[in-house]
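Asker: Model the following, please.
(2 chains)
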Amino acid sequence: MITRRKDWALGPEAFEKLLATLDADRDRAAERYEVIRRRLIQVFRWRGCSEPDTLADETIDRVSRKLSEGEEILSSDPAVYFYGVARNVLKEFWTQQRKEQSLQRSAGSVREFPGTQVDLRDREMDERLDCLDRCLARLPKEDRELIAAYYQSERSQKIVERAELAKSLGLSPGALRIRAHRIRRLLEEQVNEMMKKTSNG
Amino acid sequence: MAEISRQEAVRFLLGEGSEADREALERRFFEDEAAAEEIEAFEDELVDDYVTGRLAGAELLRFEQSYLAKPEHAAKVEFARALHRRLAAPQEGRGVPRFRRFLPLAAAVLVGLAGAYFAYRFNEARNELSRLSEQQASLERRQEELSQELTQAQSERARLEKELELTRTEAESYASQIAAAQRDVAGTIAFTLVGGLTRDSSASQQPLEIPPGTKQVKLSMSLPAGPYASYTAVLRTPEGKEIWKAAGLVARPVGSALVLELVLPARVLASGDYVVSVHGLTARAEPESIADFAFRAHTK
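Answerer: Numbering: from 1, shown residues only, chains lettered A, B, ... in the order given. Model prediction:
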């Protein structure tokens, strides 16, 4: 598995420089940073990488290092530059993965997938539902009602009911879909974070 | 930029298509905010379809072999499962222990039976309520009909009373007219004289028959000139002897003519010839001769 390089760490100065590259306004730059990090994690996850968070952070470290060394981002959108670096990290991951699989085959080890034990899964689900309840309770009332209405549609009536919901909120069905997705994404991030904290003790 | 189709997004999420296609879509994911949210929303829906059992056939197989085979997607799938368990009607069956699969069924049967019982009782109560509502509606309709009938009857009674009053008034009027006519027949006799005649002409006229008991004789004369402020009528014998005089008379228009009426006591008339001389008084009170009316009276 690929690990973050030990010979260089993202210090405060490098981080400020990274933010300044993303946007002149520090708050907007911080938001942009979060979006890019989240997208990096997504791409690594879609590519089947284990620990996509680590790979995303490795990508950010590498970009910051380049910037500290005086390299300039020539792309009009810095996010695309991050993606270019992420591609290199991904290729390294694949190389590393092939090596590990080869070793595992020769050692006759079997990879154990998480969540294969029913009891464990049930316990995790209870825990996840508990976290979800707490995160739902934290949502603004409007968002909580929207997400509840959005997912309460019956299977056969889903399209019609969601169209009616969109109409009642003065939104197009597409806009409602994206709004529900944003609330869900926030919930998912909060639940995962909560689950991670719980498991870490 | 072109919108991303579900098919395109699913192919990408399931790790299908060429590396160039995947890279192109990933690049859009980084540089196009709307495209990024679209892909994420398609992923939510794909996972939702799986956990709610809507994914079937080849797509289900591809999902299980590709997407689900990546342990990194487990949290995403489990989150979707939790979200649907909490917010939507329970529709999933995957990953649930065998004995626990029957619990919802048993609960559903119990709920179904209870539901059927309550539905039966509810239906009965609803039927009773419906029957009572119909009765009440029927009574209300009948009350409304009776109310309308009463209003109509009252209106008819008022109309009849009005007609009766009118009939009474008319009857009284007729009675009055009959009485007046009877009085006229009994006491007054009326004649119409033709004006502008010479004194000799009375001989050629039918005599005015004055029956016994007549108290008054009314003479109507159509005037050849006028109008005047007032009129004077003088009754004379052919010899010029004045018998009766009336002044301050007023002519009344009848059609296009002016008619002057002179009422005499019948006792002043005996059988014989008479002349009525009519004068009109001008605005300066100067009399002007208008016409003479000759007639022959015959008393019995």
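
Asker: I'd like the next helix or strand past the one helix or strand residue A:136 maps to.
Answerer: Secondary structure assigned from DSSP states H and E places residue A:136 in helix A:118-138. Where DSSP H and E defines the elements, the next helix or strand beyond helix A:118-138 is helix A:141-151.

Asker: What is that next one packed up against?
Answerer: helix A:118-138, helix A:158-168, helix A:173-200, helix B:74-87 (3 or more C-beta pairs under 8 Å, 6 or more residues apart in numbering or on different chains; DSSP states H and E). Backbone N, C-alpha and C define where each C-beta goes, glycine included.

Asker: May I have the last one as CSV, with CA atoms only?
Answerer: Taking Å, rounded to 0.1, in the frame of the first residue of the first chain, the C-alpha atoms of helix B:74-87 are listed here in CSV:
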residue,chain,number,x,y,z
ALA,B,74,-18.9,-0.6,1.7
ALA,B,75,-19.4,2.5,3.8
LYS,B,76,-21.3,4.1,1.0
VAL,B,77,-23.6,1.1,0.6
GLU,B,78,-24.1,0.8,4.3
PHE,B,79,-24.9,4.4,4.6
ALA,B,80,-27.5,4.1,1.9
ARG,B,81,-28.9,1.1,3.7
ALA,B,82,-29.2,3.0,6.9
LEU,B,83,-30.7,6.1,5.2
HIS,B,84,-33.4,4.0,3.6
ARG,B,85,-34.0,2.0,6.8
ARG,B,86,-34.5,5.3,8.6
LEU,B,87,-36.4,7.4,6.0
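
Asker: Buried residues of it, list them for me.
Answerer: By 16 or more other C-beta atoms under 10 Å in any protein chain shown, the buried positions in helix B:74-87 come out as B:74-85, B:87.

Asker: Indicate which one of the helices and strands packed on helix A:141-151 is closest to residue B:271.
Answerer: helix A:158-168 (113.2 Å; C-beta to C-beta).

Asker: average pLDDT for the closest one?
Answerer: For helix A:158-168, mean pLDDT is 88.

Asker: Run through the neighbouring helices and strands of it.
Answerer: helix A:141-151, helix A:173-200.

Asker: Can you tell me what sits against the first one?
Answerer: If I follow you right, that is helix A:141-151. A:136-137, A:139, A:162, A:165, A:169, A:176, A:179-180, A:183-184, A:187, B:83-84, B:87-88 (C-beta atoms under 8 Å, 6 or more residues apart in numbering or on different chains).

Asker: For residue A:80, give its distance to chain B.
Answerer: According to C-beta to the nearest C-beta, to the nearest Å, residue A:80 stands 5 Å off from chain B.

Asker: State the number of residues packed around that residue.
Answerer: 14 (other C-beta atoms under 10 Å in any protein chain shown).

Asker: Does it touch residue B:31 like I think?
Answerer: Yes - checked against C-beta atoms under 8 Å, the pair residue A:80 and residue B:31 is within contact range at 5.2 Å.

Asker: What residues sit buried inside the biggest strand by length in chain B?
Answerer: For chain B, the strand with the greatest residue count under DSSP state E is strand B:287-299. Applying a neighbour-count criterion of 16+ other C-beta under 10 Å, one finds B:290-295, B:297, B:299 buried in strand B:287-299.

Asker: helices or strands up against the longest helix seen in chain A?
Answerer: Criterion DSSP state H: the longest helix present in chain A is helix A:78-107. When contacts are defined as 3+ C-beta pairs under 8 Å, 6+ apart, helix A:78-107 sits against helix A:26-46, helix A:52-68, helix B:19-31.

Asker: For residue B:52, which of the ones you listed is the nearest?
Answerer: helix A:26-46 (21.7 Å).

Asker: Kindly confirm whether my reading is correct that residue B:83 touches residue A:187.
Answerer: Yes - with contact defined as C-beta under 8 Å, residue B:83 counts as touching residue A:187 (7.4 Å).

Asker: who touches both of these two?
Answerer: residue A:132.

Asker: domain parsing for the chain?
Answerer: All of this is about chain A. Using automatic domain parsing, the domains assigned to chain A come out as A:12-107, A:118-200.

Asker: Switch to chain B, please.
Answerer: Split by automatic domain parsing, chain B gives B:6-95, B:96-186, B:194-299.

Asker: just those: most buried one?
Answerer: domain B:6-95 (a mean of 17; mean count of other C-beta atoms under 10 Å in any protein chain shown).

Asker: can you tell me the average pLDDT over stretch A:91-111?
Answerer: pLDDT averaged over stretch A:91-111 gives 73.

Asker: where does chain A dip in pLDDT?
Answerer: Applying pLDDT under 70 to chain A flags the ranges A:1-8, A:105-120, A:154-156, A:201.

Asker: about what we covered before: switch the helices and strands packed on helix A:78-107 over to a markdown table; also include distance to residue B:54.
Answerer: Below are the helices and strands packed on helix A:78-107 laid out as a markdown table (distance: least, C-beta to C-beta, whole Å):
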| stretch | distance to residue B:54 |
| --- | --- |
| helix A:26-46 | 21 |
| helix A:52-68 | 27 |
| helix B:19-31 | 24 |
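
Asker: ok, now which ones touch residue 78?
Answerer: Unless you meant another one, I'm taking chain A. The contact partners of residue A:78, taken as C-beta under 8 Å, 6+ apart, are A:21-22, A:32, A:36.

Asker: Not quite, go with chain B.
Answerer: Residues near residue B:78 by C-beta under 8 Å, 6+ apart: A:115, A:121, A:124-125, A:128.

Asker: hmm, back to that, could the domains of chain A go into CSV alongside distance to residue B:141?
Answerer: Shown next, in CSV, are these (distance: least, C-beta to C-beta, whole Å):
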stretch, distance to residue B:141
domain A:12-107, 69
domain A:118-200, 39
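
Asker: Lowest average confidence across the domains of chain B, which one?
Answerer: The lowest average pLDDT among the domains of chain B, as it happens, falls on domain B:96-186, at a mean of 74.

Asker: and the angle for the longest helix anywhere in chain B with helix A:118-138?
Answerer: Longest helix in chain B, counting residues (DSSP H): helix B:98-187. Inter-element angle recorded for helix B:98-187 and helix A:118-138: 40 degrees (by axes from the mean of the first three to the mean of the last three C-alpha atoms, to 10 degrees).

Asker: who does helix B:98-187 touch, helix- and strand-wise?
Answerer: Here helix B:98-187 touches no other helix or strand, going by 3+ C-beta pairs under 8 Å, 6+ apart.

Asker: Can you confirm whether stretch A:56-69 lies near chain B?
Answerer: No - contact of stretch A:56-69 with chain B (C-beta under 8 Å from any C-beta of the partner chain) is absent, the minimum separation being 11.4 Å.

Asker: Residues touching that stretch, excluding its own?
Answerer: Applying C-beta under 8 Å, 6+ apart, the contact partners of stretch A:56-69 are A:2-5, A:8-10, A:13-15, A:17-18, A:21, A:33, A:36-37, A:40-41, A:44, A:73, A:81-82, A:85-86, A:88-89.
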